[in-house]
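Peer 1: What follows is a protein structure lacking sequence information:
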């Protein structure tokens, strides 16, 4: 089992920055994991935001140039730095983990991820 805990969500104004953290514990040493971020706003499906797999980073088009993934291997934590936040970024943000993947893995699908955190709320006011 892998346990994921998100933190860093807050109420901010448009144009501000936030850094979300996803701390992993449990069987994190058994084999390496890819880490993804998804978000869900009221009435909408959970959508892919970003993923880190091996050293590759993937972002949804709407956050490219504004959001950046990084990882601290010592702390088993993945960060999502979010800059130039917009009201449309308002959502509950979830991190997810799954074994490192190769090829045409459908990492943008929620069903492709094995472990999930409880979510952290990000609210961006205009």
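Peer 2: Great, that's in hand. Since the model is a prediction, treat every value here as computed from it, not as a measurement.
Peer 1: What segments of this protein are strands?
Peer 2: 2-7, 11-13, 18-26, 33-40, 47-53, 56-59, 67-72, 77-82, 91-99, 115-116, 120-125 (DSSP state E).
Peer 1: Just to check, residue 106 is in contact with residue 112?
Peer 2: Yes: counting by C-beta atoms under 8 Å, residue 106 touches residue 112, with 5.1 Å between them. For the C-beta atoms, the positions are set from N, CA and C on the backbone; glycine is no exception.
Peer 1: Mind checking which of these two has more residues around it?
Peer 2: residue 112 (16 against 10; other C-beta atoms under 10 Å).
Peer 1: who's in contact with the more buried one?
Peer 2: The neighbourhood of residue 112, defined by C-beta atoms under 8 Å, 6 or more residues apart in numbering, consists of 98, 101, 105, 106.
Peer 1: Try it again at 6 Å.
Peer 2: Counting by C-beta atoms under 6 Å, 6 or more residues apart in numbering, residue 112 makes contact with residue 106.
Peer 1: any idea how far it is from residue 92?
Peer 2: Using C-beta to C-beta, to the nearest Å, residue 112 is found at 19 Å from residue 92.
Peer 1: in this structure, what spans have low per-residue confidence?
Peer 2: When residues are selected by pLDDT under 70, those of the chain lie in 28-31.
Peer 1: neighbours of residue 22, just the number please.
Peer 2: 27.
Peer 1: wait, isn't it in contact with residue 76?
Peer 2: No: contact criterion C-beta atoms under 6 Å: residue 22 and residue 76 do not qualify, at 9.3 Å.
Peer 1: Beta-bridge partners for residue 53, please?
Peer 2: residue 56 (DSSP bridges).
Peer 1: What does the nearest residue to residue 48 once chain neighbours are set aside show for phi and psi?
Peer 2: Closest residue to residue 48 apart from its sequence neighbours, by C-beta to C-beta, 6 or more residues apart in numbering: residue 108 at 4.2 Å. In terms of degrees, to the nearest 10, the main-chain angles of residue 108 are phi -80, psi -10.
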